[in-house]
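In: Sharing a sequence plus its predicted fold:
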Amino acid sequence: MITIRKSEERGHFDFGWLDTYHTFSFDQYYDPAHMHFRSLRVINEDRVAPGKGFPTHSHRDMEIITYILSGALEHRDSMGNGSVIRPGDVQRMSAGTGVAHSEFNPSESEGVHLLQIWIMPRARNLPPSYEQKNFTEDERRGRLRLVASEDGRDGSVTIQQDARIYAGILIPGSNLEHHVIGDRHAWIQVTRGTLKVNGHSVNQGDGVRVSNERLLQLASDDAAEMLLFDLA
């Protein structure tokens, strides 16, 4: 079964410094029909204005993944980590027993466009940890590149849950396939362009919920970019 979560149906808030869309219930947006999907709890698409950001705030018991689409985001946390996250970077912060962090757009002229993703961990009260890796466009073009997994295989970042995240860039006329094994499920988030998923057309910002489908056929007549979540 394929169900499309249209971009315009998401929760939306424009605070001036932050223009944000929520795929699932989050903060001021509550939708009992869209609380989470499997272990996938949050997909927020954020655009942060130059020189603005999120002041220091705390999290716990959540796997937090940041994926930059354009611009840059400066990260600092109570574990002593400090970095600038750019397109192609995947940052994973396991909040565990508790961590505080801030996220700030360091540019004075360019906005930053990102996805922030939360995945519910396999257990509570895990030790907090941090990881960041870069996956070049060449690694993601014309294929589904594993960027996050439970065991960190193939150079992916490690998350504390039976979930895998793939990043893919489709060139015009390209086709990709993904096999959903056993009783697993999938979610596809379109981050750029237009995509066809088993013949269903979806656009930037749309999400695709997948259950009881063994093969996903992904095609684009346009350039397209996406994240695919393979979930227990």
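Out: Thanks, I have it.

In: Spell out the secondary structure type for residue 107.
Out: On the three-state scheme (DSSP: H, G, I helix; E, B strand; the rest coil), residue 107 is labelled coil.

In: Let me see the contact set for the nearest residue to it once chain neighbours are set aside.
Out: Using CB to CB, 6 or more residues apart in numbering and skipping residues adjacent in sequence, the residue nearest residue 107 is residue 50, 5.1 Å away. Yep, even glycine has a C-beta here, placed from its N, CA and C like the rest. Residues near residue 50 by CB atoms under 8 Å, 6 or more residues apart in numbering: 105, 107, 108, 109, 110, 111.

In: Any idea which residue is closest to the centre of the protein?
Out: residue 117 (4.4 Å; CA atoms, centre = their mean).

In: hang on, that residue in a strand?
Out: Yes. Judged by three-state DSSP, residue 117 forms part of a strand.

In: State the distance from it to residue 171.
Out: 25 Å (CB to CB, to the nearest Å).

In: Any chance of the contacts of residue 50 in TSV with neighbour count and distance to residue 45 as columns?
Out: Converted to TSV, the contacts of residue 50 look like this (neighbours: other CB atoms under 10 Å; distance: CB to CB, whole Å):
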residue	neighbour count	distance to residue 45
105	23	15
107	16	19
108	7	23
109	6	21
110	13	17
111	17	13
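
In: Specify the local secondary structure of the residue nearest to residue 107.
Out: coil.

In: Once you drop chain neighbours, what's closest to residue 214?
Out: Residue 214 sits nearest to residue 180 (CB to CB, 6+ apart), 5.7 Å away.

In: The one you found contacts residue 186, correct?
Out: Yes. Residue 180 is within contact range of residue 186, at 5.4 Å (criterion: CB atoms under 8 Å).

In: Can you pull the phi/psi pair for residue 7?
Out: In terms of degrees, to the nearest 10, the main-chain angles of residue 7 are phi -50, psi -50.

In: Now do the same contact list for it.
Out: 21, 203, 204, 205, 206.

In: What's the local residue count around the second one?
Out: What that stands for is residue 203. Look at residue 203: counted by other CB atoms under 10 Å, it has 16 neighbours.

In: What's opposite it in the beta bridge?
Out: residue 194 (DSSP bridges).

In: Am I right that it is in contact with residue 196?
Out: No. Between residue 203 and residue 196 no contact is recorded; they are 10.7 Å apart, counting by CB under 8 Å.

In: quick revisit: could you name every residue contacting both of residue 180 and residue 186?
Out: Contacts common to residue 180 and residue 186, judged by CB under 8 Å, 6+ apart, are 210, 213, 216, 230.

In: Residue 46 versus the first one, what's the distance?
Out: The spacing between residue 210 and residue 46, counted by CB to CB, is 25 Å.

In: out of these two, which sits in the busier spot?
Out: Neighbour tally, residue 210 and residue 46, criterion other CB under 10 Å: the higher count belongs to residue 210, 23 against 20.

In: Which strand residues bridge the more buried one?
Out: residue 2, residue 186.

In: Make 57 the starting number, not 1.
Out: Sounds good: first residue 57 from here, last item residue 266.

In: Confirm for me that it is in contact with residue 235.
Out: No. Using CB under 8 Å, residue 266 is not in contact with residue 235, being 11.7 Å away.

In: What residues of stretch 229-241 count as buried?
Out: Residues of stretch 229-241 classed as buried: 230, 232, 234, 236, 240, 241 (neighbour count, 16 or more other CB atoms under 10 Å).

In: what bridges to the first one?
Out: I take that to be residue 230. With DSSP bridges as the rule, residue 230 is bridged to residue 276.

In: looking at it, it is touching residue 276, isn't it?
Out: Yes. Using CB under 8 Å, residue 230 is in contact with residue 276, at 6.3 Å.
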